[in-house]
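> Predicted model, plus sequence, below.
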Amino acid sequence: MLDVIEKIQKAESEAEEIRRKAQQEAAALTAKAQKDGREEVERQKASAAREAEAILVEASWQAEGLLAEGRSTAAAESSTVRQEAAGRLDAAANIIVERIVGGI
């Protein structure tokens, strides 16, 4: 009978050791998974930041292109308006001279 009790105690002791090791392994796996998860989040944040920076650089280049195009268009329109105004200036001066001379 003592032999049976010893076997039961030994089996309980072994079961307790297996349970303790399983808990340790589960805790280690959980810690590793959390660490890996945090590292992946940091990698994704860094990747997103690089992607956002690339998008901002591209947007900046596009904005500069649009500004240059707008400046070019404005300069061309301004030149056209100046030329039209210069042509009308002579006609306006002639009208004023005629009124002054004709009014005397």
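That came through fine. The shown structure was predicted, so the numbers you read here are calculated from the model rather than taken from an experiment.

> who does the helix or strand harbouring Q34 touch, helix- and strand-wise?
For Q34, the host element (DSSP states H and E) is helix 2-103. Contacting helix 2-103 under the criterion 3 or more Cβ pairs under 8 Å, 6 or more residues apart in numbering; DSSP states H and E is no other helix or strand. Yep, even glycine has a C-beta here, placed from its N, CA and C like the rest.

> just for the protein, where's the confidence low?
Within the chain, the segments meeting pLDDT under 70 span 103-104.

> what about 90?
1-5, 83-104 (pLDDT under 90).

> mind checking how far the spatially most central residue of it is from Q62?
Nearest to the mean C-alpha position of the chain, by Cα atoms, centre = their mean, lies A52 at 2.2 Å. From A52 over to Q62 the distance is 15 Å, taken as Cβ to Cβ, to the nearest Å.

> Please apply the same query to A85.
Taking Cβ to Cβ, one finds A85 at 34 Å from Q62.

> can you check G37 too?
Where Q62 is concerned, G37 sits at a distance of 37 Å (Cβ to Cβ).

> same question, Q24
Look at Q24 and Q62: by Cβ to Cβ, they are 57 Å apart.

> swap in D3?
87 Å.

> Between the two, which has more neighbouring residues?
Neighbours were counted for D3 and for Q62 using other Cβ atoms under 10 Å; Q62 has more, 10 against 7.

> In contact with that one, which residues?
For Q62, no residue meets the contact criterion (Cβ atoms under 8 Å, 6 or more residues apart in numbering).

> Equivalent analysis for the one 3 residues further on, please.
When the contact criterion is Cβ under 8 Å, 6+ apart, G65 has no partners at all.

> now Q9
Neighbours of Q9 in contact, by Cβ under 8 Å, 6+ apart: none.

> how far away is it from L2?
In terms of Cβ to Cβ, Q9 sits 10 Å off from L2.
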